[in-house]
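Participant: Based on what follows, work out the 3D shape:
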Amino acid sequence: MLLLLAVALPSLFWEGGAETAPLLKEAHISHIAVPAARAGAWSQVAGITAETADPARSIKVMTPAVNYRVDEASASTAPWIDSNGWRFLRNAGGRFYYDVPGTTAALAAAEAYVYGVDALIHTDASGLKPLGEMLAFLGTLPAVDGTAPVNIGYEDDGSAQSGELMNLLVRRNLLFRVVPGPDPKLDLTVKFGSAEYPNSQKDPSILEQAVRSNLTDEKRLIRIYGSEVVIARLTGGNGHLRVHLLNYAASARPVRGLRVSIQGMYPKHRIAAFRVPDAKLLDYDAKSGRTEFTIPNLREYTVIDLGR
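Facilitator: Residues are numbered from 1 along each chain as shown. Prediction:
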């Protein structure tokens, strides 16, 4: 039987007093986290539930975004994704805290949801509307099996260097989970600090290339074509698969014509896309061991449910 799990939505952390309730209601935000000193006043506000939270007890994470850096070797701009996926995987079960301005609040909420983490999102007045819109969208998604399919096990030593490699694996859509030792059910185990993946290697991209080579492209669970700023994650099982796609450059522009290739054949599909009401998949093909399709327009977040 497929175990359906409703993923908890992230919460707005709001320091304003109860007199700011109209701002939140206008953004359609009905649940917030507040400092303990504000809890009494907020408990008297109809239509908004408030829990107490202390950001100091949470793990602070980065603002999700893309930074374009000049590649000195090619004199071109190379996108660098500021993603928190590796932090979530390293600190499973933790509570996380975002401090994000404006429209970035929507992407932060989607990122936290995709990884199924407990997250507080602090934003400014301009971030309330996009955050409220994203939370409303996430609330419409049906529950799915919370398992995250991966085929790489990662033995993390907790060092900064190991974190850099984990970050690159997430950015390259090489799906892994942190493990205490080799798992025979996985295609590959990466032990950071071993002879094959030495902690003395100063360039983590060389280690990432070694992981990709050892896994082989044929065994990659998901491959993305047409963008370097989209990060994918999979959840589900028992013939049902949910494909999560996050566009980290959404504040600047959507991604057009994204091609996705998934291991396994899934003839059934359904798409839901944030801020794309007429979303659809093009050139859908499920044969020869893989499922492939094109997404014409990807804003902050798109989810595709696949089935057999």
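
Participant: so for stretch 139-149, what's the average pLDDT?
Facilitator: The average pLDDT within stretch 139-149 is 90.

Participant: Please enumerate the helices of the protein.
Facilitator: Ranges of helices within the chain are 21-26, 39-42, 85-90, 104-114, 125-139, 160-171, 204-215, based on DSSP state H.

Participant: And Tyr301, how far from Tyr284?
Facilitator: 20 Å (C-beta to C-beta, to the nearest Å). For glycine as for every other residue, the C-beta is placed from the backbone atoms N, C-alpha and C.

Participant: who has more neighbours, the two?
Facilitator: A count of neighbours by other C-beta atoms under 10 Å puts Tyr301 above the other of Tyr301 and Tyr284, at 25 against 13.

Participant: Contacts only, for that one.
Facilitator: 106-107, 110, 114, 134, 137, 244-247, 273-274 (C-beta atoms under 8 Å, 6 or more residues apart in numbering).

Participant: Is it bridged to anything, and to what?
Facilitator: Taking DSSP bridges as the rule, Tyr301 bridges to Leu246.

Participant: Could I get the pLDDT score of it?
Facilitator: pLDDT, read off for Tyr301, is 98.

Participant: which residues touch the residue nearest to Thr302 when sequence neighbours are not counted?
Facilitator: Once flanking residues are discounted, Thr302 sits nearest to Ala273: 4.2 Å by C-beta to C-beta, 6 or more residues apart in numbering. For Ala273, the contact set (C-beta under 8 Å, 6+ apart) comprises 279, 295, 297-299, 301-303.

Participant: With Pro130 as the reference, measure out to Ala273.
Facilitator: From Ala273 to Pro130 the distance is 15 Å (C-beta to C-beta).

Participant: Likewise for Ile32?
Facilitator: Distance from Ile32 to Pro130, by C-beta to C-beta: 16 Å.

Participant: Check Ala46 too.
Facilitator: From Ala46 to Pro130 the distance is 25 Å (C-beta to C-beta).

Participant: How about Val61?
Facilitator: Note on Val61: its distance to Pro130, by C-beta to C-beta, is 18 Å.

Participant: pLDDT weak spots in the protein?
Facilitator: For the chain, the stretches with pLDDT under 70 are 1-7, 69-78.

Participant: Quick check: Ala50 touching Pro35?
Facilitator: No: Ala50 lies out of contact with Pro35 (C-beta atoms under 8 Å); the separation is 10.1 Å.

Participant: Now Ile152. Nearest residue, chain neighbours left out?
Facilitator: Distances taken as C-beta to C-beta, 6+ apart put Phe176 closest to Ile152, at 3.7 Å, once the chain neighbours are dropped.

Participant: Quick one: the strands in the stretch 151-300 of the chain, in order.
Facilitator: Assigned by DSSP state E, counting those that start in this stretch, the strands in the stretch 151-300 of the chain fall at 152-155, 176-178, 188-191, 222-225, 230-237, 240-247, 255-263, 268-273, 282-287, 290-298.

Participant: okay, those strands in TSV with distance to Pro55 next?
Facilitator: Listed next are the strands of the stretch 151-300 of the chain as TSV, based on distance: least, C-beta to C-beta, whole Å:
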stretch	distance to Pro55
strand 152-155	28
strand 176-178	25
strand 188-191	33
strand 222-225	33
strand 230-237	25
strand 240-247	23
strand 255-263	32
strand 268-273	31
strand 282-287	43
strand 290-298	31
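
Participant: how about the helices of the chain in CSV, adding mean neighbour count and distance to Tyr97?
Facilitator: Conversion of those to CSV gives the following (neighbours: other C-beta atoms under 10 Å; distance: least, C-beta to C-beta, whole Å):
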stretch, mean neighbour count, distance to Tyr97
helix 21-26, 15, 19
helix 39-42, 16, 18
helix 85-90, 21, 11
helix 104-114, 27, 10
helix 125-139, 19, 14
helix 160-171, 20, 18
helix 204-215, 16, 26
